[in-house]
Every structure is written in structure tokens, then in C-alpha cells.
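Undergrad: I would like to see how this sequence folds:
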Amino acid sequence: MKVCLDTNVLVAALATRGLCADVLRTVLAEHELVIGAVILAELRRILTTKFKVPSEQVNRIEAIFAPFPLLPKPAAPSTVKVRDASDRWILATALTGGAEVLVTGDEDLLAVAEDVPIHILTPRAFWELLRQSSPG
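TA: Numbers count the residues shown, from 1 in each chain. From the prediction side, this is the model:
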């Protein structure tokens with residue numbers, strides 16, 4: 001499955017142990033990650049400004065995603081009306097990358113789930129979907 005993880009899921013996965021870390025590990029190991037320049041730039045900004053992570057450590061974190069194709073910034077943001085305009089770029093990245101699922105904790109993106117041709121799920125809902133579809 002092609003999966004795009006929103007920046008908030010990546011931050012939670014890298015900052016704590018728990019569901020988001022499990023989601024990230026599972027996507028990296030068993031699915032096709034859709035990652036874009038927009039998401040990595042936002043991840044870098046949040047880690048360095050909000051969490052004061054040293055640049056060298058951020059570089060090591062970004063290296064985790066190096067094996068995956070990096071989508072350039074889309075030509076335009078998504079036309080779907082999302083309250084936070086920056087979320088339109090995240091949505092455009094997921095759509096451009098052909099993601100089947102966008103995993104996010106962002107209420108603004110979750111609110112437009114009915115308006116897009118992909119599934120927008122919380123980390124918990126995505127985890128449950130994986131559990132239901134796994135054999136045994």
C-alpha cells in the first residue's frame with residue numbers, strides 16, 4: 001500500500017515510543033512510503049525550531065528517508081479547501097505521489113477526508129486497518 005505520513009505523525013514517531021513509531025516502522029518495512037520535499041522541510045523546521053534538535057541529528061533523521069523516492073514540491077497546492085493553507089501542500093504531495101492513504105493527526109486534514117480520492121486516517125484508524133487486513 002502507498003502511504004503518506006503527515007509531518008505530525010513523523011514528529012510523534014521520532015520523538016516518542018508508541019503508536020506513531022509503530023506506524024512508521026511498519027510503513028517503512030511493509031509498505032511504500034510517499035514522502036515529499038514539503039514534508040521533509042516541515043519536519044526539519046519543527047525539529048530544529050520547536051524541539052531544538054541539532055542540525056547533525058536532523059541530517060541523520062532525514063537519512064532514514066533517503067532510500068525512498070523524494071517527491072519535489074508539487075506545482076500547486078491541492079484545490080481542496082483546508083483551513084490551514086500549508087496542509088494543502090501536504091495533501092497535494094500525497095495525491096501527486098499516488099498515496100492510497102494519508103495518515104495524520106491533523107484535524108483540518110481529517111475534516112476534508114470526504115472531499116478527496118484517498119483515505120485520510122488517524123494513526124489509530126490506520127493501525128486498525130492494517131490489523132484487519134493482515135492474515136491470521
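
Undergrad: pretty sure Val34 contacts Met1?
TA: No: contact criterion Cβ atoms under 8 Å: Val34 and Met1 do not qualify, at 10.2 Å. From N, CA and C alone the C-beta is placed, and that goes for glycine too.

Undergrad: which of these two has more residues huddled nearby?
TA: Val34 (25 against 14; other Cβ atoms under 10 Å).

Undergrad: can you say which helix or strand has the more buried one in it?
TA: In this assignment (DSSP states H and E), Val34 forms part of strand 32-36.

Undergrad: what's the mean pLDDT across that strand?
TA: Taken as a whole, strand 32-36 has a mean pLDDT of 98.

Undergrad: what inclination does the following helix or strand past it have with respect to strand 32-36?
TA: Per DSSP H and E, the first helix or strand lying C-terminal to strand 32-36 is helix 37-45. Calculated by axes from the mean of the first three to the mean of the last three Cα atoms, to 10 degrees, helix 37-45 forms an angle of 70 degrees with strand 32-36.

Undergrad: report all helices and strands that helix 37-45 contacts.
TA: Applying 3 or more Cβ pairs under 8 Å, 6 or more residues apart in numbering; DSSP states H and E, one finds that helix 37-45 contacts helix 7-15, helix 55-63, strand 70-71, helix 85-96.

Undergrad: now render those as TSV, adding mean neighbour count and distance to Val112.
TA: Output for the helices and strands packed on helix 37-45, formatted as TSV (neighbours: other Cβ atoms under 10 Å; distance: least, Cβ to Cβ, whole Å):
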stretch	mean neighbour count	distance to Val112
helix 7-15	20	16
helix 55-63	12	28
strand 70-71	17	20
helix 85-96	22	8
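
Undergrad: which of these sits closest to Ala21?
TA: helix 7-15 (4.6 Å; Cβ to Cβ).
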